[in-house]
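Asker: Give the three-dimensional model of this entry:
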Amino acid sequence: MVILGSAVGLLIGAWINFQAGIIRGPPVDPPYPVLWPSAGMLGLSFLRLVIGLALLGIVRTVVKSSVRSALVNILTQTYELQTPFFVSTAS
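Answerer: So this is what the prediction gives:
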């Protein structure tokens, strides 16, 4: 379902952009020239992948720690626990 939802969101976004005039059709008539990837294009694609994975890791770490802290605070206040059951006291 996630893949289907992502695909539908992508298609609807592209359709809205085309209807709004943000995306235009190709400037030349068919047949279109084939653009073979060069070494520079492959390098930039790899750089984009590495930057995306690094940002994904950073966001995951920040969100995971903040959600865990929020849950500890909520559960400690709600149930008046000394140490919540899912917090490890071992170092």
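Asker: any idea which helix or strand carries the residue nearest in space to the middle of the chain?
Answerer: Central residue of the chain (Cα atoms, centre = their mean): Leu56, 6.7 Å from the mean position. Leu56 belongs to helix 39-79 when assigned by DSSP states H and E.
Asker: Over that helix, what's the mean pLDDT, rounded is fine.
Answerer: Helix 39-79 carries an average pLDDT of 91.
Asker: Can you give the distance from it to the centre of its chain?
Answerer: Averaging C-alpha positions (Cα atoms, centre = their mean, to the nearest Å) puts helix 39-79 9 Å from its chain's average.
Asker: which helices and strands sit right next to that helix?
Answerer: Judged by 3 or more Cβ pairs under 8 Å, 6 or more residues apart in numbering; DSSP states H and E, helix 39-79 has no packing partners among the helices and strands. The way it works is simple: take the backbone N, C-alpha and C, and place the C-beta from them, glycine included.
Asker: ends of stretch 17-27, how far apart?
Answerer: 17 Å (Cα to Cα, to the nearest Å).
Asker: Report the rounded mean pLDDT for the helix or strand harbouring Ile3.
Answerer: Following DSSP H and E, one finds Ile3 within helix 2-20. Helix 2-20 shows a mean pLDDT of 90.
Asker: any residues touching it, and which ones?
Answerer: 23-24 (Cβ atoms under 8 Å, 6 or more residues apart in numbering).
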